[in-house]
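Chemist: whatever this is, show me its structure:
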Amino acid sequence: MTEAALLPLAVAIPLLGAALLAVAGRTLPRIGCDVLATASATAEVVCLALLWPRSRHLATADLGGWPARLGIVLAADPVGAGLALLVAVLVLAVVVYSWRYFDEPSGEHAGAFPALILLFEAGMAGFALTGDLFNAFVFFELMGAAAYALTGYRIEDPRPLHGALTFGIVTSFAAYCSLFGIGLLYARTGELNLARLGSRLASHPTDVLTVVAFVLICTALLVKAAAVPFHFWLPDAHAVAPTPVCMLMSGVMVELGVYGVGRVYWTVFSGPGGIPPQAFRTTFTALGVLTALVGALMCWQQRHLKRLLAFSTVSHVGLFLIGVALLTPAGVTGTAVYVAAHGCVKAALFALTGVLLDRYGSVDEHGLHGKARELRLVGALFVTGSLALAGLPPFGTGLGKALDEDAAGHALPWLLPAVFVAASAVTGAAALRAGLRVFFGAGPAPRSRPGEEETTGEGEEPEIRSPRRTLPPTMIVVPGVLLALAVLIGCLPAVAGALAHGAAVFTDPAHYAAAVLTGPGTPPAAGTAPESGWTVRGVLLGLLSTALAAASATAAVHHRGPALPARHPVVRTVRRLRRLHSGHLGDYLAWLTLGLAALCAAIVTQT
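Modeler: Numbers count the residues shown, from 1 in each chain. Okay, here's the model as predicted:
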């Protein structure tokens, strides 16, 4: 099967599966809906597994028989196709995990959840594979609409509805900004195709309109990516969304926002008439550092496990942004490997947290102290995932972190590698601390901090409403397989090597434009693939961050001494930061607007 057939199929398969489930789900028994959803998700994995090696030099498909200069084009390079494959793998994992997740009987609602999951998949895969800016917006909004519905899926509980509304309103506001930015670009160039946009924009001087258009487009991408200060919706949504939805949102949806920033910059704004490289590098590196540190600090403060994992995602998004902002193939290689492994690890940790919610109706680290001792295998997997989050070799998270640290060390020696070590160590330590307390009963029972409001995670409704039954094997097998995949990403040189070649293609806008506009027969990209293997320095830094995580978690678990005084500068800073996460929609929109203005000002002053 040719690339021209596989590319449209990658979008059509989940759309068709969703439509069939929406219709047939009314009459099929529950097992029939599960079989149909699993078959659709498996077919998508097969399709993208066939497409990924064929995208080595960028595969394209002109839809409707129209040439790229007139119609809609799909374009897959190894990074975009690899990200779409990650989407498909995680969706299949979620579908299998959810076989006995909800207690919905056969009937008109039996196919609703898997249909929304497949619709979510279609939006994510389409966004990763499109070569048209407006269609990227359409796929992004399709992804968002499905995510809103999935976040508020349990309509009998007001908390998911509140989280879904906050999520929907914040991201819709950002979407209007993005659409306005697309309109500005279209008014200037008369183009929406990414390749042609870049060539047309090169004939215009860089001015305020260019900067404003770029920032407006990036606003929606950064909101989905949950970069600081656009991140406030993410922990609120994760706290109330069903566990399988959290697996996808943290595992791959936020990473698509980072991918979108890199794709839009390299194909449209990296040439003459766009954003100067130094302005992009400085602004987004600073944004990445801020996001990584704020996310790590907030992650450490959480006792609600789903919010803890959500803030760890925010921190890792900051690390991904730094890798993209380096504007080098080496940085993109490290980020691509990091994203692939992080998606598997984070989805596994959320899946294991779902086991706790199923068994005990709680995700509160303090309230669950020692209660899950009988879940030994689940505890072992959770601790393993926590160490992988910290960057333990040979996990792919450790390899991606090592590659990014090496690339970042050439830009800002010591400073940026220190940020990678600190952020991964703190987020890994927070998860490890929770795992030791909940599954092994380590240390004394933790005490609440007096005088502070805390989101505890107590009183959550079990997501399977018969906790006395035997734990479904799929709820343990799926996270185990995902963690194994994360190890394979770090151990198989072919995976990192393919992503390194993809990074050379991704950072070559001239090759992208030639492949999209001329089609098959385009010469290979001229760039040389960067190194993608383990180094002694990378292994040592991975072991350092893991050791710091283990030491911090152990110290926190066994800490018996007095806490810092209330007026201590660190305590006051943390308290102020916690208060910013107020849960008020108006505050979140205000921070979004402030972030947009700050990005504009930062880039304009360097242009």
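
Chemist: I figured L92 hits S40, correct?
Modeler: No - L92 is beyond contact range of S40, at 9.4 Å (criterion: CB atoms under 8 Å). (C-beta placed from N, C-alpha, C; glycine too.)

Chemist: neighbour count: those two, which is higher?
Modeler: Ranked by neighbour count (other CB atoms under 10 Å), L92 and S40 place S40 first, with 25 against 20.

Chemist: contacts only, for the more buried one.
Modeler: 13-14, 16-18, 20-21, 118 (CB atoms under 8 Å, 6 or more residues apart in numbering).

Chemist: go again with 7 Å.
Modeler: 13-14, 17, 118 (CB atoms under 7 Å, 6 or more residues apart in numbering).

Chemist: again, but for A149
Modeler: With CB under 7 Å, 6+ apart, A149 has these contacts: L116.

Chemist: what helix or strand does it sit in?
Modeler: For A149, the host element (DSSP states H and E) is helix 133-151.

Chemist: and the next helix or strand past that helix?
Modeler: helix 158-189.

Chemist: for the stretch 201-350 of the chain, what spans make up the helices?
Modeler: Ranges of helices within the stretch 201-350 of the chain are 208-225, 233-240, 243-248, 254-264, 277-301, 305-325, 329-360, based on DSSP state H, counting those that start in this stretch.

Chemist: any stretches of the stretch 401-550 of the chain with poor pLDDT?
Modeler: Along the stretch 401-550 of the chain, the parts satisfying pLDDT under 70 run over 448-469, 519-527.

Chemist: I meant to write the chain there.
Modeler: For the chain, applying pLDDT under 70 flags the ranges 1, 64-71, 101-110, 156, 448-469, 519-527, 560-566.

Chemist: quick one, strands of it?
Modeler: Using DSSP state E, the strands of the chain run over 59-62, 73-76.

Chemist: A226 and S250, how far apart?
Modeler: Look at A226 and S250: by CB to CB, to the nearest Å, they are 9 Å apart.

Chemist: need the overlap of contacts for the two.
Modeler: Common neighbours of A226 and S250 are listed as T313 (criterion: CB under 7 Å, 6+ apart).

Chemist: tabulate the helices of the stretch 201-350 of the chain (JSON lines), appending distance to L471 and mean neighbour count.
Modeler: Formatted as JSON lines, the helices of the stretch 201-350 of the chain follow (distance: least, CB to CB, whole Å; neighbours: other CB atoms under 10 Å):
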{"stretch": "helix 208-225", "distance to L471": "33", "mean neighbour count": "24"}
{"stretch": "helix 233-240", "distance to L471": "23", "mean neighbour count": "26"}
{"stretch": "helix 243-248", "distance to L471": "14", "mean neighbour count": "28"}
{"stretch": "helix 254-264", "distance to L471": "29", "mean neighbour count": "25"}
{"stretch": "helix 277-301", "distance to L471": "27", "mean neighbour count": "21"}
{"stretch": "helix 305-325", "distance to L471": "17", "mean neighbour count": "29"}
{"stretch": "helix 329-360", "distance to L471": "7", "mean neighbour count": "28"}
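
Chemist: kindly reformat the ones you listed as CSV containing distance to G542.
Modeler: Output for the helices of the stretch 201-350 of the chain, formatted as CSV (distance: least, CB to CB, whole Å):
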stretch, distance to G542
helix 208-225, 24
helix 233-240, 26
helix 243-248, 25
helix 254-264, 20
helix 277-301, 17
helix 305-325, 13
helix 329-360, 12
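
Chemist: just tell me which of those ends up closest to G370.
Modeler: helix 329-360 (11.5 Å; CB to CB).

Chemist: the closest one vs helix 277-301, what angle?
Modeler: Relative orientation of helix 329-360 and helix 277-301, computed by axes from the mean of the first three to the mean of the last three CA atoms, to 10 degrees: 20 degrees.

Chemist: packing partners of helix 329-360?
Modeler: Judged by 3 or more CB pairs under 7 Å, 6 or more residues apart in numbering; DSSP states H and E, the packing partners of helix 329-360 are helix 78-97, helix 243-248, helix 254-264, helix 305-325, helix 376-389, helix 396-411, helix 474-491, helix 493-506.

Chemist: just want the angle from it to helix 493-506.
Modeler: Computed by the same axes, to 10 degrees, the angle between helix 329-360 and helix 493-506 is 120 degrees.

Chemist: just checking, P493 touches G533?
Modeler: Yes - when contacts are counted by CB atoms under 7 Å, P493 is listed as touching G533 (6.2 Å).

Chemist: backbone torsions only: list them for the closest residue to A388 other than its chain neighbours.
Modeler: Nearest non-adjacent residue to A388, counting by CB to CB, 6 or more residues apart in numbering: F395, 4.1 Å away. Here is the backbone geometry of F395 (degrees, to the nearest 10): phi -60, psi 150.

Chemist: for F395, give me its contacts.
Modeler: 341, 388, 486-487, 490.

Chemist: adding distance to S315, write these out as CSV.
Modeler: Formatted as CSV, the contacts of F395 follow (distance: CB to CB, whole Å):
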residue, distance to S315
A341, 15
A388, 15
A486, 18
V487, 22
G490, 20
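
Chemist: who's in contact with the nearest residue to L403 once chain neighbours are set aside?
Modeler: Among residues not flanking L403 along the chain, G334 sits closest, at 3.2 Å (CB to CB, 6+ apart). The contact partners of G334, by CB under 7 Å, 6+ apart, come to 323, 400, 403-404, 407.

Chemist: do that again at 10 Å, thanks
Modeler: Shown in contact with G334 (CB atoms under 10 Å, 6 or more residues apart in numbering): 319-320, 322-324, 326, 328, 399-408, 420, 496, 499-500, 503, 530, 532, 538.

Chemist: do P446 as well
Modeler: Neighbour list for P446: 303, 365-367, 369, 433, 437, 556-557, 559 [criterion: CB under 10 Å, 6+ apart].

Chemist: farthest-apart pair in these, please.
Modeler: Taking CB to CB as the measure, these have their most distant pair in G367 and H559, spaced 18.4 Å apart.

Chemist: give me the more crowded residue out of those two.
Modeler: More crowded of G367 and H559, by other CB under 10 Å: G367, with 17 against 12.

Chemist: if we can go back for a sec, identify whichever of the helices and strands packed on helix 329-360 lies nearest to P53.
Modeler: Taking CB to CB, helix 493-506 is the member of the helices and strands packed on helix 329-360 nearest to P53, at 7.7 Å.

Chemist: how far off helix 396-411 does that closest one point, in degrees?
Modeler: Calculated by the same axes, to 10 degrees, helix 493-506 forms an angle of 40 degrees with helix 396-411.

Chemist: buried stuff in helix 493-506?
Modeler: Under the neighbour-count criterion of 16 or more other CB atoms under 10 Å, helix 493-506 has 495-496, 498-506 buried.

Chemist: now that helix and helix 78-97, what's the angle there?
Modeler: 130 degrees.

Chemist: tell me what helix 493-506 is packed against?
Modeler: Judged by 3 or more CB pairs under 10 Å, 6 or more residues apart in numbering; DSSP states H and E, helix 493-506 is in contact with helix 30-54, helix 78-97, helix 254-264, helix 329-360, helix 396-411, helix 474-491, helix 509-518.

Chemist: got the phi and psi for the residue nearest to L165 when sequence neighbours are not counted?
Modeler: Leaving aside its chain neighbours, L165 sits nearest to G152 (7.4 Å; criterion: CB to CB, 6+ apart). G152 adopts backbone torsions of phi -100, psi 30, taken as degrees, to the nearest 10.

Chemist: G152 and A18, how far apart?
Modeler: Counting by CB to CB, the separation of G152 from A18 is 18 Å.
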